[in-house]
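Participant: what follows is a protein structure lacking sequence information:
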């Protein structure tokens, strides 16, 4: 059975709270939020107050903090954050951790066993699994879902060499498209392509560099990989 | 006579266009926008497309690009941007330039005499005046307006030493409050304090560190400076 | 039997070559070098030329490139570097990889099976082991050697949970000393303390914050950990 | 009459002291040093200790600190540094300030009138002159000396518009060569070309991209500018 976690983080806390309440009214399973980052939180305590306020707009839903410092520039240590969150946000349930600092990730996993830690740097998921990640959330799983499931299973079965080979296969694909300059709009195009659900183009200032006559070649490459 | 320039830049281009149209309907004198930055523009051309789309929602209003790379991480050279803007955005009128790279600023001022270049790093306005800034837009001018007017006048009168002394006086105040950790919420509090207009507190995750029993001391310090 | 790898990277290539030749004359087992970084290499090709020139001063010794982008700011992808190195440096043997980008690490391990990849971010060694690291080089191994050996053995035995626990134990120690502000000079002091070899103080501008009356407490804490 | 300031900053403090003593024995007029930056100073106090130790190796020579945070990553505020330097280094005479933060520059010029502040970002010298720079030290002055002298004179004569035009002319040249990818090795080549003194090629990992058949074109372009 699928779970739907609705992302509600907006630059305006009023919008975030509206989205949180709307998610609750629609039957979402959980909500998640990044912190506004155009202007950074005044302090770690201010970040906690923000999360508390958003979570309180949907108190019945599990709340996940979305940590992605490369995009937000918000670099407070998550292990420091969790100590304060624990005392203040009863609906807090975990973190989507999108960073390469695996010491920080490990410190969280060990010290906060009551929370979920879902890893978000798809290209090195295996590293996070080694440190005890409870799951993974990432855009590539929309079209590399089967092969990633195989990776997780290989790891859980203790077959590290197989897990490495699968992760390498995913990395080879990603380095290939990164070298072509792919970013969010191109990855969104692939999602439409694979799901068959018309997601529409990215909005400006994002512009995809994929031309429609490349679609078949991309589909072939990904399908081949997913059947490894 | 005052001019009102409405800032309309939002993470969603739909919101930005709505605000632009609303500004036109309200009789604003001009609009201005930052580019969305949580996800960066795909390219310089994509940034131009974004600005073009927003400007087109209020085609009768002069349009200013708000360049503040320290907050947005968008670092395309403005002199490169302007060549493309010129061909594509008829209502383009200038740049709020909030960066310390004065070579880039100077290249713009010299090569695009048809546009306004308004400087936005208040603490070193004198440097931009030396390079031909046409004006200044900044938050400190809400409470340091008179003294800054004196600075500009001293510079225009060729009295550099006097301009330096005034700028130094402003800097001394700013380094004093920066060292206390002031940021946006504290500066917003000062605006309320000086204007008498109740602007309300900053929204989360911004929290002011000014306690109300400090208000008189702050007022005294600024008033003393503004009467230098 | 121990192997001695002599680090020879200096800002001056002449000094680097002298040290390389000296290492060969002394019977070192291998040499290693960072690239000068006060001024960065002109290009990836220039970096290869530099490494080639240094390696050629001790052609009989295996050569390791020391990749530590957080200190050097040199961020060329190592998988790109190795393609060029392979054709130009016969004595090249591997990389000390001190970075948290494990995709790049994995790409190297898979594509260049003829080289050694020794991991250098001690606090997340387990992540690199998952990707197939052949070994580890780091300062903490001077006093956390036994416990780290246990970590590697647990991993090799397929006992991931045990490896995690050991790595967490090391991380807890490191976060504790990082939070006290420890850096290179403090870690050097510990090495003297544990080895019994008087290494002398760090040279300026490094100054240790450890007072000698803390030595016993530090020794106790580390000994307790090493006997986990 | 020319003054010779010898740069003595090395990664090893022993080398720095040797060079300082050597400079004194050769009759240099002053010495200057960057702080080692591959590993950063432990604290502002440690930086002062380092400078004090180097200066003490040539106590009869005026000592200048070379502040270039973009290369060193050492970002202590110079106005904070000077308070400590003043009490500890009797031979201290000033700063080569190679940064675009002109508030910090201005705070130094005003608060430490006993020291010289020589600006080092050639492409925006005019901004520093506006804040009271006492001079300029930069590599471009080896071949753009006359035109820069004209800039300084125009500024001192109160002819700001003329100073702007000259600075713009220099900037146009620099943006032209920056856009071609020029860096240190290319600028060194120009020095040889103009001085007639054979300075030799840059050492690895620096490689110049200038081909010798371009020398005449470069000479022409610079000569034309220097006769503006």
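Facilitator: Yep, it's here. These figures come from a predicted structure and were not determined experimentally.
Participant: buried residues of the helix or strand hosting residue A:172, list them for me.
Facilitator: When elements are assigned from DSSP states H and E, residue A:172 belongs to helix A:160-179. By neighbour count on 16 or more other C-beta atoms under 10 Å in any protein chain shown, the buried set for helix A:160-179 is A:160, A:163-164, A:166-171, A:173-175, A:177. Using the backbone N, CA and C atoms, a C-beta is placed for each residue, glycine as well.
Participant: need these in CSV (columns: distance to chain C and pLDDT).
Facilitator: Shown next, in CSV, are the buried residues of helix A:160-179 (distance: C-beta to the nearest C-beta, whole Å; pLDDT from 0 to 100):
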residue, distance to chain C, pLDDT
A:160, 7, 97
A:163, 8, 98
A:164, 6, 98
A:166, 11, 97
A:167, 6, 97
A:168, 5, 97
A:169, 9, 95
A:170, 9, 96
A:171, 5, 97
A:173, 11, 93
A:174, 7, 95
A:175, 6, 94
A:177, 13, 91
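Participant: near chain B, which residues of chain A show up?
Facilitator: A:10-14, A:34-43, A:45-47, A:49-50, A:53, A:71-73, A:183-185, A:203-209 (C-beta under 8 Å from any C-beta of the partner chain).
Participant: name the helices or strands packed onto the least confident helix or strand in chain A by mean pLDDT?
Facilitator: Every helix and strand of chain A was ranked by mean pLDDT, DSSP states H and E. The lowest is helix A:215-226, at a mean of 84. Using 3 or more C-beta pairs under 8 Å, 6 or more residues apart in numbering or on different chains; DSSP states H and E, the elements in contact with helix A:215-226 are helix A:145-156, helix A:160-179, helix A:184-195.
Participant: which one of those has the lowest average pLDDT?
Facilitator: Lowest mean pLDDT within the helices and strands packed on helix A:215-226: helix A:184-195, a mean of 92.
Participant: show residues contacting it.
Facilitator: A:139-140, A:142-143, A:177, A:197-202, A:206-210, A:215, A:218-219, A:222, B:39, B:42 (C-beta atoms under 8 Å, 6 or more residues apart in numbering or on different chains).
Participant: which ones among the residues you listed lie within helices?
Facilitator: A:177, A:215, A:218, A:219, A:222 (DSSP state H).
Participant: out of those residues, which one sits closest to residue C:62?
Facilitator: In terms of C-beta to C-beta, no member of those lies closer to residue C:62 than residue A:177, at 35.1 Å.
Participant: residues near residue A:53, how many?
Facilitator: 18 (other C-beta atoms under 10 Å in any protein chain shown).
Participant: kindly indicate which of the ones in helices among the contacts of helix A:184-195 lies nearest chain B.
Facilitator: Of all these, the one sitting nearest chain B is residue A:177; the distance, using C-beta to the nearest C-beta, is 14.1 Å.
Participant: get me the contact residues on chain A for chain C.
Facilitator: Checking chain A against chain C by C-beta under 8 Å from any C-beta, the hits are A:79, A:100-103, A:106-107, A:110, A:123-124, A:126-132, A:158, A:160, A:163-164, A:167-168, A:171-172, A:174-175.
Participant: who are the contact partners of residue A:151?
Facilitator: A:125, A:126, A:163, A:166, A:167, A:170.
Participant: number of residues surrounding the first one?
Facilitator: Translated: residue A:125. Residue A:125 has 27 nearby residues by other C-beta under 10 Å.
Participant: and the average pLDDT for the helix or strand containing it is what?
Facilitator: Element membership of residue A:125, judged by DSSP H and E, is helix A:125-130. Average pLDDT, helix A:125-130: 98.
Participant: and that helix, what does it pack against?
Facilitator: Under the contact rule (3+ C-beta pairs under 8 Å, 6+ apart), helix A:125-130 is packed against helix A:102-111, strand A:116-119, helix A:145-156, helix A:160-179, helix C:102-111, helix C:125-130, helix C:160-179.
Participant: run through who's touching that helix.
Facilitator: A:97, A:102, A:105, A:119, A:121, A:133, A:136, A:138, A:148, A:151-152, A:155, A:163-164, A:167, C:102, C:106, C:124, C:126-131, C:160, C:163-164.
Participant: how far does it sit from the chain's center?
Facilitator: 14 Å (C-alpha atoms, centre = their mean, to the nearest Å).
Participant: how's chain A carved up into domains?
Facilitator: Residue ranges for the domains of chain A, per automatic domain parsing: A:1-137, A:140-228.
Participant: and those as CSV, adding distance to residue B:87?
Facilitator: Formatted as CSV, these follow (distance: least, C-beta to C-beta, whole Å):
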stretch, distance to residue B:87
domain A:1-137, 29
domain A:140-228, 18
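Participant: looking at chain A, what residue ends up closest to chain D?
Facilitator: For chain A, C-beta to the nearest C-beta, closest residue to chain D: residue A:75, 16.4 Å.
Participant: hang on, that residue in a strand?
Facilitator: No. When classified by DSSP: H, G, I helix; E, B strand; the rest coil, residue A:75 is found to be coil rather than part of a strand.
Participant: cross-check the contact I'm expecting between it and residue A:69.
Facilitator: Yes. At 5.0 Å, residue A:75 counts as touching residue A:69 under the criterion of C-beta atoms under 8 Å.
Participant: neighbour count: those two, which is higher?
Facilitator: residue A:69 (17 against 13).
Participant: who are the contact partners of the more buried one?
Facilitator: A:75, A:99.
Participant: residues from chain A in reach of chain D?
Facilitator: Counting by C-beta under 8 Å from any C-beta, no residue of chain A is near chain D.
Participant: quick revisit: redo the helices and strands packed on helix A:215-226 as CSV? Include distance to residue B:115.
Facilitator: CSV is the format used below for the helices and strands packed on helix A:215-226 (distance: least, C-beta to C-beta, whole Å):
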stretch, distance to residue B:115
helix A:145-156, 50
helix A:160-179, 36
helix A:184-195, 30
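Participant: nearest residue to residue A:84 in space, please, no chain neighbours.
Facilitator: residue A:48 (4.7 Å; C-beta to C-beta, 6 or more residues apart in numbering or on different chains).
Participant: ok, that neighbour - contacts?
Facilitator: A:81, A:84, A:85, A:88, A:89.
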